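Asks: need a 3D model of the sequence below.
(2 chains)
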Protein chains: 2
Amino acid sequence: MTDPLDTPLDTTSDRRPGGRTARIRAQVLDAVRAELTESGHEGLTMEAVATRAGVHRATVYRRWRDVGGLIVDVIDAAGEMGWRPPDTGSLRGDLTALNQEIQESLVVQPSFALALMAASFHSEQAARAQTRLWTDRYAQCEILVERAVARGELPARHTDARGLLIAATAPLYHQLVLLRADPDPRLPERAAKAAVLAAAGGAFSVPREEGE
Amino acid sequence: MTDPLDTPLDTTSDRRPGGRTARIRAQVLDAVRAELTESGHEGLTMEAVATRAGVHRATVYRRWRDVGGLIVDVIDAAGEMGWRPPDTGSLRGDLTALNQEIQESLVVQPSFALALMAASFHSEQAARAQTRLWTDRYAQCEILVERAVARGELPARHTDARGLLIAATAPLYHQLVLLRADPDPRLPERAAKAAVLAAAGGAFSVPREEGE
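Replies: Residues are numbered from 1 along each chain as shown, chains lettered A, B, ... in the order given. Sure, this is the predicted structure:
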């Protein structure tokens, strides 16, 4: 099957940002998200994605090669979206807002976030892409800790920001993803409060030399 | 294929605890653990388990029906093992020991614990069995909190023991299972310290009426 994108004209438009290439990627990734949330990783096929996206199968195969390629790109696309950490004026408020966002993404039916995690358990590629995305998100959130130190909410000593952020958010993932507990509307605020109290007690203070 | 266990004699011995039935179950579950850790959930087949266990395939099919049945039984068997929570004399010491146990089970190569979690992502049966096991383990660990209250390490107010235990252990699972970070030898003690500081600050104190 010949692909219209292989014509010189389309090759040119390929290079135009927001051109046909970007449009086709958006259609395909929307289809991947829909298929993943509806049928999960096991149900994901190149054919179903191409059909749903209304894109040539040949194009999908050439650009994404396989299902693993589609999942990696959908995770990378999530990282490209302009996500910004909350800014409520207090560390406890920020961490609570962050936890509420996490809880919502995990309890929504069907959950795209859960589908991605499940996928990362049987695709090494997907696992690496998800680790990249998470590393970026936690790095973005370190500003919450910097602001808290600036506001005098945390000891001025060097603080292990990532350690604090993980302590604050881990209970949400543990309860909802691994323990499969029913969502507790009070958990986002409670987990945030616990992390702030621990931080105030110096739980995440590290010696300068180790922190640098 | 007729199964020797169907003869009257064996039916009698079936009823004897630690009899042939128990012996065959032990052989089969040992084989399931070995197959799971070596080839993961995807690689698990009734045939491979029967061959490895040296047990009639017909017996394995009749008693466990399918791969899901094998996984559920291997998880249930883990719950039957006489596991006892640590008792080091301090809450921080107990939680650190618990976290070290968790970290070891997750970083050992290959990890049976990780294989079970992966399995629970595509088997509803396995997910339920794992949730049961985890619920039991956290319930067993509530004694750590009761001892800490008795020793005066925690506020005498009613404490959400499960909430405290989850706050203490969740960072291990989050880092090693979901974020796939390299194991940090200091994390078991740090996560324990953070949970104890949060608890001392009243993070897990709940009003009596809510706690009862």
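Asks: near chain B, which residues of chain A?
Replies: Contacts of chain A with chain B, taken as C-beta under 8 Å from any C-beta of the partner chain, map to A:42, A:117-118, A:121-122, A:127, A:131, A:134-135, A:163, A:166-167, A:169-171, A:173-175, A:177-180, A:190-191, A:193-195, A:197-198, A:200-204. Placement of C-beta: from N, CA and C, glycine included.
Asks: tell me which of those fall in helices.
Replies: Residues from those lying in helices, with DSSP state H as the criterion: A:117-118, A:127, A:131, A:134-135, A:163, A:166-167, A:169-171, A:173, A:190-191, A:193-195, A:197-198, A:200.
Asks: buried among these? Need that as a selection in PyMOL.
Replies: Per 16 or more other C-beta atoms under 10 Å in any protein chain shown, the buried members of these correspond to this PyMOL selection:
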select buried, chain A and resi 117+118+127+131+134+163+166+167+169+170+171+173+190+191+193+194+195+197+198+200
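Asks: does residue A:114 count as helix, strand or coil?
Replies: Classification of residue A:114 by DSSP: H, G, I helix; E, B strand; the rest coil places it in helix.
Asks: pretty sure it is touching residue A:180, no?
Replies: No: contact between residue A:114 and residue A:180 fails when scored by C-beta atoms under 8 Å: they sit 10.1 Å apart.
Asks: who has more neighbours, those two?
Replies: residue A:114 (20 against 14; other C-beta atoms under 10 Å in any protein chain shown).
Asks: contacting residues for the more buried one?
Replies: A:106, A:177 (C-beta atoms under 8 Å, 6 or more residues apart in numbering or on different chains).
Asks: ok, now how distant is it from residue B:135?
Replies: Remark: distance between residue A:114 and residue B:135 (C-beta to C-beta, to the nearest Å) = 20 Å.
Asks: next one: residue A:198
Replies: The gap separating residue A:198 from residue B:135 is 25 Å, by C-beta to C-beta.
Asks: below-threshold pLDDT in chain A: ranges please.
Replies: A:1-18, A:208-212 (pLDDT under 70).
Asks: okay, now the domains of it?
Replies: Using automatic domain parsing, the domains assigned to chain A come out as A:12-79, A:91-211.
Asks: how about CSV for the ones you listed, with distance to residue B:67 added?
Replies: Listed next are the domains of chain A as CSV, based on distance: least, C-beta to C-beta, whole Å:
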stretch, distance to residue B:67
domain A:12-79, 14
domain A:91-211, 15
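Asks: deepest in the core, which of those domains is it.
Replies: Highest mean neighbour count among the domains of chain A (mean count of other C-beta atoms under 10 Å in any protein chain shown): domain A:91-211, with a mean of 19.
Asks: now that domain, how far from the centre of its chain.
Replies: 12 Å (C-alpha atoms, centre = their mean, to the nearest Å).
Asks: next one: stretch A:50-61
Replies: On C-alpha atoms, centre = their mean, the centre of stretch A:50-61 falls 25 Å from that of its chain.
Asks: got the end-to-end distance for it?
Replies: Start-to-end span of stretch A:50-61 (C-alpha to C-alpha, to the nearest Å) is 9 Å.
Asks: same deal with stretch A:191-207?
Replies: Note: stretch A:191-207 ends 25 Å apart using C-alpha to C-alpha.
Asks: measure residue A:39 to residue B:118 for me?
Replies: Using C-beta to C-beta, we find residue A:39 at a distance of 19 Å from residue B:118.
Asks: should've said residue A:102
Replies: 22 Å.
Asks: pull up the gap between residue A:128 and residue A:47, please.
Replies: Distance of residue A:128 to residue A:47, computed by C-beta to C-beta: 25 Å.
Asks: same thing with residue A:172?
Replies: 36 Å.
Asks: for residue A:92, same thing?
Replies: Residue A:92 is 49 Å from residue A:47, by C-beta to C-beta.
Asks: got it, and residue A:78?
Replies: Taken as C-beta to C-beta, the span from residue A:78 to residue A:47 is 24 Å.
Asks: same question for residue A:203.
Replies: From residue A:203 over to residue A:47 (counting by C-beta to C-beta), the distance is 51 Å.
Asks: check residue A:196 too.
Replies: Distance, residue A:196 to residue A:47, by C-beta to C-beta: 49 Å.
Asks: residue A:176 too?
Replies: 32 Å.
Asks: for residue A:138, same thing?
Replies: 36 Å.
Asks: also residue A:163?
Replies: For residue A:163, the distance to residue A:47 - C-beta to C-beta - is 45 Å.
Asks: repeat that for residue A:29.
Replies: Applying C-beta to C-beta, the value for residue A:29 to residue A:47 is 16 Å.
Asks: same thing with residue A:37?
Replies: 18 Å.
Asks: tell me where chain A has helices.
Replies: So, for chain A - with DSSP H - the helices run A:8-15, A:20-39, A:46-53, A:57-64, A:67-80, A:91-107, A:112-120, A:124-150, A:161-173, A:187-200, A:208-211.
Asks: the third one vs helix A:57-64, what angle?
Replies: In this structure, helix A:46-53 runs at an angle of 110 degrees to helix A:57-64, with axes from the mean of the first three to the mean of the last three C-alpha atoms, to 10 degrees as the basis.
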